[in-house]
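Asks: need a 3D model of the following:
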Amino acid sequence: METEKEAGIHGCCPNPLLILLEHPNQQPISKIKSTTAACRHIFAATTTSSFFPNTHFTNHESLPSYQESFAQFLKAYPKYSETRQVDKIRNQEYYHLSVSNHVCLDYIGIGLFSYSQVQSQVTALVPVTSSSTPSSHEWSDYPFFDISCKSVNLKSELLHGGHGSQLESSIKKKIMNFLNISPNEYSLVFTANRSSAFKLIAESYPFKTSQKLLTAYDHESEALETMVNTSEKRGANIMSAEFKWPRLRINSAKLRKLIIRKNKKKKKSRGLFVFPLQSRVTGASYSYQWMSLAQENGWHVLLDACALGPKDMDSFGLSLIHPDFLICSFYKVFGENPTGFGCLLVKKSVVSVLEASVSTGNVSLIPPTQLLNSLDSSGSGTELEQKTNFVTKLDELHISGSYSAHNGKSENNLNSTKEGGVAPKEKSKEESDQSISTLGNNTKLEEKGSIEIQCRCLDHVDSLGLMQIGSRRRYLVNWLISGLLKLQHPNRLDHFPLVKIYGPKIKFDRGTAMAFNLFDWKGERVEPILIQKLADRNNISLSHGFLSHLWFPDKYEEEKQRTIERKKGDENDAESKKSKKTDLRISVVTIALGFLANFEDVYRLWTFIAQFLDADFVEKERWRYSSLYQKTIEV
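Replies: Numbers count the residues shown, from 1 in each chain. Now for the predicted structure:
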């Protein structure tokens, strides 16, 4: 039995989802599936029995120490020790997390560059004296690159956009290699953010002939709402998958009905199926057999990969199932200045069906030196404001204004431009491309003049690989869930839990996002935004959001009435009542473990949440929050 437990704990079946793609008539499949199920079951059972067996914590002061908890963690997950390379990378390249004592759990996805890389970039770009060295926070205000909106619609960009600047070409190549996607099959365009990518598709998709938009999200999403609103205005028939209470699994029977075409002789496309392989809120993973089923029934498929962690794309066989569209996003730095851009990949064979739209959401990436050199050129108010702010920031820090470039020459001093002196001359595109900053001495200038940008975050993840990253995050999130479920309010005969987790709990193949709520000793919910603000005070970054598209079976009707919320205005909106569009939702606290997360991060979150076992602490903070923000906490 010990051997079986170790097999489950150490991460057998590293790539179980690929099994679903095999042909059903092949004999070994049933055996592989049963082995996979056994591995998952053993992992969950062993995790449950390994941590705090027959124990519940009713006081935050009774929690085991960090050292004791970590020793127990390593005993249950000995393979975690093999991920020390992640800790080494964190200490060397993202040391700001340790210096600031910051637990960063408020966004999901992957970055491009490391913190030390950005600091090197600023040092090379902005020489400073020892007396004017900016703080860590000020470093994060400098752009590693900037974005500029293009006045061209998506279809034109896909057909005639070309490769863009050398900076863009290099980053596109890096990203497509990282996602394991062939440039011969897909075209990539940059967008301002995730919402812009969704809107571009909504503006360009031919909803007049392919009228349906089908989505599968267990939470509210600003990006998705943008797409739905835009598509609806263009005549789309909006449909959504539902998620069964209480486990929030997809209502398979309903979704299958929505996808399957009754008349299979029709060749016309049914519409657009928007599908995330993983929930960015609950961490639920979904079989991409849904994408295969949709394609078989005449749908175009948009894969939302924004919730996938690093190297997760390796476990999803895009070489076997080719979505028509794919959206992902990349942040600049983990835990610091998490802005970036969105990426929209479009299958080249699908470009012809798109319509010329009025939307211009795609963007160009601009190096900081080009941004500064174009100060005298015309531009939008926003662009000029961004440029002016950047220059002002330099002046505040008493920067000399000389900028390094590949040719080793410095640019004209910015102070002379600001004071009415001679502005830098306009450069040709070729000259501008050559003036790209060294990006902290990580830009490689090749013999023919092309450049290769080193994206250290992507390179680190590639060096670590799927197994190491996936196993590490699996251990951490399942330990955290196990610990949270052990927190119970004292002096309650019904052993009332402090934490309610929505969606998957202890599970082998869950994502590292998690949605939960906290309840006080009376059973009343603690407002998620209060929890977020208190976490901020403890240097822990959390988020909050809304679960939606929920379906309650009749036996949960009473629980439904206690649990659900309605959007403001829905109760009095006669039109919403008439159309039955009033959506049920639940506000929740959300977290996500990035690839750099370590045991100390999850332990600190656990001890922070355990404080809510103290009734006096909860009441005091509710009163304080209400006084500071002049609003009553709804419970």
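
Asks: what sits against the closest residue to Asp614 other than its chain neighbours?
Replies: Among residues not flanking Asp614 along the chain, His60 sits closest, at 6.5 Å (Cβ to Cβ, 6 or more residues apart in numbering). To be clear about C-beta, it is placed using only N, CA and C from the backbone, and glycine gets the same treatment. Residues near His60 by Cβ atoms under 8 Å, 6 or more residues apart in numbering: Thr607, Ala610, Gln611, Leu613, Asp614.

Asks: quickly list the domain ranges of this structure.
Replies: What the TED database lists as the domains of the chain is 39-106+454-566+582-630, 146-260+267-366.

Asks: wait, which of the ones you listed is closest to Gln117?
Replies: Proximity to Gln117, assessed across those by Cβ to Cβ, is greatest for domain 39-106+454-566+582-630 (4.8 Å).

Asks: and that closest one, how far out from the chain's middle?
Replies: 17 Å (Cα atoms, centre = their mean, to the nearest Å).

Asks: low-confidence bits of the chain, can you list those?
Replies: For the chain, the stretches flagged by pLDDT under 70 are 1-34, 122, 124-144, 264-267, 311, 313-319, 368-452, 568-583, 629-635.

Asks: try 80
Replies: When residues are selected by pLDDT under 80, those of the chain lie in 1-36, 121-145, 162-164, 263-268, 309-321, 358-360, 367-453, 491-495, 566-583, 626-635.

Asks: who touches the residue nearest the centre of the chain in this structure?
Replies: Residue closest to the average C-alpha location in the chain (Cα atoms, centre = their mean): Ile108, at 3.0 Å. By Cβ under 8 Å, 6+ apart, Ile108 lies in contact with Arg280, Cys306, Ala307, Gly309, Thr512, Ala513, Ala592, Gly594.

Asks: what's the helix or strand for it?
Replies: Counting by DSSP states H and E, no helix or strand carries Ile108.

Asks: not counting sequence-adjacent ones, nearest residue to it?
Replies: Closest residue to Ile108 apart from its sequence neighbours, by Cβ to Cβ, 6+ apart: Ala592 at 3.8 Å.

Asks: if we can go back for a sec, for the residue nearest to the centre of the chain, grab phi and psi.
Replies: Per-residue torsions, Ile108: phi -120, psi 150 (degrees, to the nearest 10).

Asks: returning to that earlier point: in a markdown table, list the contacts of His60 along with distance to Glu524 and secondary structure.
Replies: A markdown table is the format used below for those (distance: Cβ to Cβ, whole Å; DSSP: H, G, I helix; E, B strand; the rest coil):
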| residue | distance to Glu524 | secondary structure |
| --- | --- | --- |
| Thr607 | 23 | helix |
| Ala610 | 18 | helix |
| Gln611 | 17 | helix |
| Leu613 | 14 | helix |
| Asp614 | 15 | coil |
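
Asks: only the buried residues of the lengthiest helix in the chain, if you could.
Replies: In the chain, taking DSSP state H as the definition, the longest helix is helix 456-484. Neighbour counts over helix 456-484 (16 or more other Cβ atoms under 10 Å) mark 456-462, 464, 466-484 as buried.

Asks: the residue nearest to Ile108 reaches Cys104, doesn't it?
Replies: No - at 9.4 Å, Ala592 does not count as touching Cys104 under the criterion of Cβ atoms under 8 Å.

Asks: by contact count, what packs against the helix or strand hosting Leu272?
Replies: Under the criterion of DSSP H and E, Leu272 resides in strand 271-276. Applying 3 or more Cβ pairs under 8 Å, 6 or more residues apart in numbering; DSSP states H and E, one finds that strand 271-276 contacts strand 212-215, helix 222-233, helix 289-296, strand 299-304.

Asks: could you dump that strand to CSV, C-alpha only?
Replies: Only the C-alpha atoms of strand 271-276 are listed here, as CSV (Å, rounded to 0.1, in the frame of the first residue of the first chain):
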residue,chain,number,x,y,z
GLY,A,271,-21.2,30.0,-34.6
LEU,A,272,-18.4,30.6,-32.2
PHE,A,273,-17.7,28.4,-29.2
VAL,A,274,-15.6,30.2,-26.5
PHE,A,275,-14.0,27.7,-24.2
PRO,A,276,-11.4,27.9,-21.3
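
Asks: partner residues bridging Thr191?
Replies: Beta bridges link Thr191 to Gly342, Asn362 when assigned by DSSP bridges.

Asks: residue contacts, it?
Replies: Thr191 sits next to Ala197, Leu200, Phe341, Gly342, Cys343, Leu344, Gly361, Asn362, Val363 when contact means Cβ under 8 Å, 6+ apart.

Asks: now with 10 Å?
Replies: Listed by Cβ atoms under 10 Å, 6 or more residues apart in numbering, the contact set of Thr191 reads 147, 149, 154, 197-200, 327, 329, 341-344, 361-363.

Asks: thinking again about what came up before, same list (the helices and strands packed on strand 271-276) but as a markdown table, adding distance to Tyr502 and mean neighbour count.
Replies: Below are the helices and strands packed on strand 271-276 laid out as a markdown table (distance: least, Cβ to Cβ, whole Å; neighbours: other Cβ atoms under 10 Å):
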| stretch | distance to Tyr502 | mean neighbour count |
| --- | --- | --- |
| strand 212-215 | 19 | 22 |
| helix 222-233 | 18 | 18 |
| helix 289-296 | 21 | 18 |
| strand 299-304 | 20 | 24 |
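
Asks: quick one: closest of the ones you listed to Ile259.
Replies: helix 289-296 (5.3 Å).

Asks: so the closest one versus strand 299-304, what angle?
Replies: Going by axes from the mean of the first three to the mean of the last three Cα atoms, to 10 degrees, helix 289-296 is angled at 150 degrees with respect to strand 299-304.

Asks: before we move on, back to that, quick one: strands adjacent to the strand holding Leu272?
Replies: According to DSSP bridges, strand 271-276 forms sheet pairs with strand 212-215 (parallel), strand 299-304 (parallel).

Asks: so how far is the shortest one from its chain's centroid?
Replies: Spelled out, that is strand 212-215. Its chain's C-alpha centre and that of strand 212-215 lie 22 Å apart, by Cα atoms, centre = their mean.

Asks: repeat for stretch 611-631
Replies: The answer for stretch 611-631 is 30 Å, by Cα atoms, centre = their mean.

Asks: restrict that stretch to CA atoms and write it as CSV.
Replies: Output in CSV follows, covering the C-alpha atoms of stretch 611-631 (Å, rounded to 0.1, in the frame of the first residue of the first chain):
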residue,chain,number,x,y,z
GLN,A,611,-7.4,34.8,12.3
PHE,A,612,-11.0,35.0,11.3
LEU,A,613,-11.7,32.2,13.8
ASP,A,614,-11.5,35.0,16.4
ALA,A,615,-15.0,36.5,16.6
ASP,A,616,-13.7,39.7,18.3
PHE,A,617,-11.2,40.2,15.4
VAL,A,618,-13.9,39.9,12.8
GLU,A,619,-16.3,42.3,14.6
LYS,A,620,-13.5,44.8,15.2
GLU,A,621,-12.4,44.8,11.5
ARG,A,622,-16.0,45.0,10.3
TRP,A,623,-16.5,48.1,12.4
ARG,A,624,-13.2,49.6,11.3
TYR,A,625,-13.9,49.0,7.7
SER,A,626,-17.4,50.4,8.0
SER,A,627,-16.0,53.5,9.7
LEU,A,628,-13.2,54.1,7.2
TYR,A,629,-15.2,53.6,4.1
GLN,A,630,-18.5,54.9,5.4
LYS,A,631,-20.5,51.8,4.3
